[in-house]
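Novice: quick one, structure for this:
(4 chains)
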Number of protein chains: 2
Amino acid sequence: MDGSVFPIARSTLPEAAAERLRALIIEGDLPPGAKLNERELSERLGVSRTPLREAFRMLAADGLLVQLPNRGAQVVALSAADVRGAFEVMGALEGLAGELAVARVTDADIGDLKALQAEMEAAHAGRDLPAYYRINRLIHDRLNALADNAVLQQTYRTLNARLHALRFRSNLNPAKWDQAVAEHRAMIEALAARDGAALRDLLVGHLRAKQQAVLDSMKNKDDKNLQGGKVP
Amino acid sequence: MDGSVFPIARSTLPEAAAERLRALIIEGDLPPGAKLNERELSERLGVSRTPLREAFRMLAADGLLVQLPNRGAQVVALSAADVRGAFEVMGALEGLAGELAVARVTDADIGDLKALQAEMEAAHAGRDLPAYYRINRLIHDRLNALADNAVLQQTYRTLNARLHALRFRSNLNPAKWDQAVAEHRAMIEALAARDGAALRDLLVGHLRAKQQAVLDSMKNKDDKNLQGGKVP
DNA sequence: TTCTGGCATATTGTATACAAAATGCAAGTC
DNA sequence: GACTTGCATTTTGTATACAATATGCCAGAA
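Specialist: Take a look at the predicted model:
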């Protein structure tokens, strides 16, 4: 044989439990700050405590839980500073992805991306928000793949997952949406021109705008006391 | 009371085991690619398998181990591509740290850093390598602290730990050493001038040089077949 | 009333027993 | 001789029992 491997996906019990917990956290069934009782959770998931505890360790490493010695695990309650910090790092990572992508992109890739951009603009014109989000994600994934850096991709994914636990629906008003689409167009152009610095700046700026939107939405949630924040 | 907490450090057994394993990996007692037998390791560490397995999860999250279902854990054997990727990300993170530091640094901080820089140059003049490394690290830590971004700091630390597992003693020849010290001086100056872009470029370049050194040393090791790499 | 101390209960931490899967070896087959 | 097949052994995976720790309550003292 040629040595290539085709491992079939076999989820272990701790992995499956972690996946389920992740969903529960993102869905909001386990709200920020919630204390996770091992016995109760293991019964609800139909799993014994041992694999559940390994799932806890995985989620803690992802920053979705915090574990206190002898006091169990609880869902993280991200502070505004945490969100800011995470976005700052994600911005740097996106910028890096852009620079790397420029160094590796082929004309064929650029063609694909331009096609995606056209689709995205069509979704925008048709006010099709779900399609917009889907294509947006496709473009982002493609850029990340172009960077060809597994460490980068994994780090980015982890941070992204952590923020998703916030469950914000970034209230995309028309003006912001227009701007986002325009920024995307500029990105593709910078990439086509192989202008890494410009692409980097665009990506960083793009993310900064998103950060602001999330922080605003968080502030609103806090006002409504939905983030588990302690009120004096 | 004012609500501030001062938790005394209480290491749990899984944490302690992870710490010990980390050391064993970095020391090279557990070389890249080594298979970790749970029973044997638990006996050697004087810990039962349950906490040991949690330690495995932690180290796997840090990227020091890989866990294969039903086949246990083994020490990662980083490829050159992995090292390149990790350094690229670390460069972006250092660059970000520099930019953030510029935004937050005070004159007092700059004074401290200049003092450290002087110490470093003294160590350099006296050819005191250990002192150089120590002060080098102090400066770096100070810069990171100035960035005031916990996510950044934690991400950086994790990546750094992963690379330390390579156990390279970056063979610092005199020319490179001179250059590194000069670069550090330029960094402090850029920081004092509040020139974020310049500081960023310096940090990224500084790290790129380090990356090259590590990749070279890895290549040498590979030639001597010390990295557990598969030879065709 | 407020604080302290001690006890009962609940919860997490660790070890271990049992189950499931992988590995290695040897006998049998082509 | 090389390849398969089945079995014994080893190793990992999961559940559970027991230990250690934390939590909450209540009585008693300041």
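Novice: hmm, which helix or strand of chain A has the shakiest average pLDDT?
Specialist: Ranking every helix and strand in chain A by mean pLDDT, DSSP states H and E puts helix A:196-223 at the bottom, with a mean of 83.
Novice: so how far is residue B:149 from the nearest residue to residue A:112 once chain neighbours are set aside?
Specialist: Once flanking residues are discounted, residue A:112 sits nearest to residue A:142: 7.0 Å by C-beta to C-beta, 6 or more residues apart in numbering or on different chains. Backbone N, C-alpha and C define where each C-beta goes, glycine included. Between residue A:142 and residue B:149 the computed distance is 28 Å (C-beta to C-beta, to the nearest Å).
Novice: and if you look at residue A:61?
Specialist: 19 Å.
Novice: what's the answer for residue A:34, then?
Specialist: For residue A:34, the distance to residue B:149 - C-beta to C-beta - is 26 Å.
Novice: the residue nearest to residue A:112 touches residue A:113, doesn't it?
Specialist: Yes: counting by C-beta atoms under 8 Å, residue A:142 does reach residue A:113; the two are 6.2 Å apart.
Novice: hmm, back to that, who has more neighbours out of residue A:61 and residue B:149?
Specialist: residue B:149 (25 against 19; other C-beta atoms under 10 Å in any protein chain shown).
Novice: show me the residues around whatever residue of chain A ends up closest to chain B that make contact.
Specialist: Per C-beta to the nearest C-beta, residue A:61 is where chain A lies closest to chain B, at 3.0 Å. Counting by C-beta atoms under 8 Å, 6 or more residues apart in numbering or on different chains, residue A:61 touches B:57-58, B:61-62.
Novice: mind redoing it with 10 Å?
Specialist: A:18, A:67, A:158, B:57-62, B:158 (C-beta atoms under 10 Å, 6 or more residues apart in numbering or on different chains).
Novice: around DNA strand C, which positions in chain A sit nearby?
Specialist: Within reach of DNA strand C by C-beta under 7 Å from any atom of the strand, chain A has these residues: A:35-39, A:49-50, A:53, A:67, A:69-73.
Novice: and those residues, which are buried?
Specialist: Neighbour-count burial (16 or more other C-beta atoms under 10 Å in any protein chain shown) is assigned, among the residues of chain A next to DNA strand C, to A:36, A:50, A:53, A:67, A:72-73.
Novice: what does the domain assignment say about chain A?
Specialist: With domains defined by automatic domain parsing, chain A comprises A:13-75, A:80-223.
Novice: can you add distance to residue B:103 and give the ones you listed back as TSV?
Specialist: Shown next, in TSV, are the domains of chain A (distance: least, C-beta to C-beta, whole Å):
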stretch	distance to residue B:103
domain A:13-75	24
domain A:80-223	11
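Novice: go through the residues of chain A next to DNA strand C and name the one nearest residue A:26.
Specialist: The shortest gap between residue A:26 and any of the residues of chain A next to DNA strand C belongs to residue A:36, at 14.9 Å (C-beta to C-beta).
Novice: find the nearest non-adjacent residue to the closest one, please.
Specialist: In space, residue A:36 is closest to residue A:73, 4.7 Å off (C-beta to C-beta, 6+ apart).
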